[in-house]
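Asks: Provided below are the primary sequence and the corresponding predicted coordinates.
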Amino acid sequence: MNILKTLRKPYFSIFYTLLILILSCSSPTNNNEIEENIISVEKFAQEHFELSNSLLALLKNESNINYDLLNSSINEIKALAN
């Protein structure tokens, strides 16, 4: 019963709330993780462009393909990445 009396005090709840607020709002401690994410996005974009170019090479053998539309969409993606 003494534990319940302790938990019902407002000081404990205020302290616990402030502790959670401080811990949840802390900034990232490792900047290397952010840099690794940026590098992985750049790598993903580069691999995507390579895949798009190889797909375009495969599609050149097919007929009834609008190459202008395909090239314009690839150029739009490249422009967004830069």
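Replies: Everything's here; your move. Residues are numbered from 1 along each chain as shown.

Asks: where's the closest residue to Thr6 other than its chain neighbours, which helix or strand?
Replies: Counting by C-beta to C-beta, 6 or more residues apart in numbering, Phe12 is the residue found nearest to Thr6 once chain neighbours are left out, at 6.5 Å. The way it works is simple: take the backbone N, C-alpha and C, and place the C-beta from them, glycine included. Phe12 is located in helix 10-24, with elements delineated by DSSP states H and E.

Asks: Pull the residues that contact that helix.
Replies: Thr6 (C-beta atoms under 8 Å, 6 or more residues apart in numbering).

Asks: what's the distance between Ile14 and Ser52?
Replies: Per C-beta to C-beta, to the nearest Å, Ile14 is found 56 Å from Ser52.

Asks: Likewise for Lys78?
Replies: According to C-beta to C-beta, Lys78 and Ser52 sit 9 Å apart.
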